[in-house]
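In: everything below, folded, please.
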Amino acid sequence: MDSGHPYATLTPDVVIDAVESVGYRCDGRVLALNSYENRVYQVGRDDGPPVVVKFYRPGRWETPAILEEHEFARELAEAEVPVVA
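Out: Below you'll find the predicted structure:
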C-alpha cells in the first residue's frame, strides 16, 4: 500500500484508539470486514458485544452524504430493521 495514502496509517492500533476515543474499552481484537470503498472493522470490546466501525475514504464523501447515511441507518434501526446504526 502506498505509504502516502491516508489509509496506510490506519493500523489496528489507530482503529482501537479511535474506538476508545469515543468511550469504548477495546479488548485488542480487530477484524477487517469487506467494503468496496471504505475501511470497515469489527472491534472487540471488554465490556460488551463488538462494535463495527467505518472509516470513510478521504475526499470521496462530503459531510452531508455521511450524515444522510447515518440518519438512514438510524431510521432503519427505529423501524426494527436489522442494521448497525
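In: residue 52 is in contact with residue 39, isn't it?
Out: No: when contacts are counted by Cβ atoms under 8 Å, residue 52 is not listed as touching residue 39 (11.4 Å). C-beta coordinates here come from the backbone N, C-alpha and C atoms, glycine included.
In: give me the more crowded residue out of these two.
Out: residue 39 (16 against 11; other Cβ atoms under 10 Å).
In: max-length helix in the protein?
Out: The helix spanning the most residues in the chain, taking DSSP state H as the definition, is helix 63-78.
In: my guess is residue 41 meets residue 16, correct?
Out: No: at 9.3 Å, residue 41 and residue 16 do not qualify as touching, with contact defined as Cβ under 8 Å.
In: any residues in contact with both of these two?
Out: residue 30 (Cβ atoms under 8 Å, 6 or more residues apart in numbering).
In: and stretch 77-85, how far out from the chain middle?
Out: On the basis of Cα atoms, centre = their mean, to the nearest Å, stretch 77-85 is displaced by 17 Å from the centre of the chain it belongs to.
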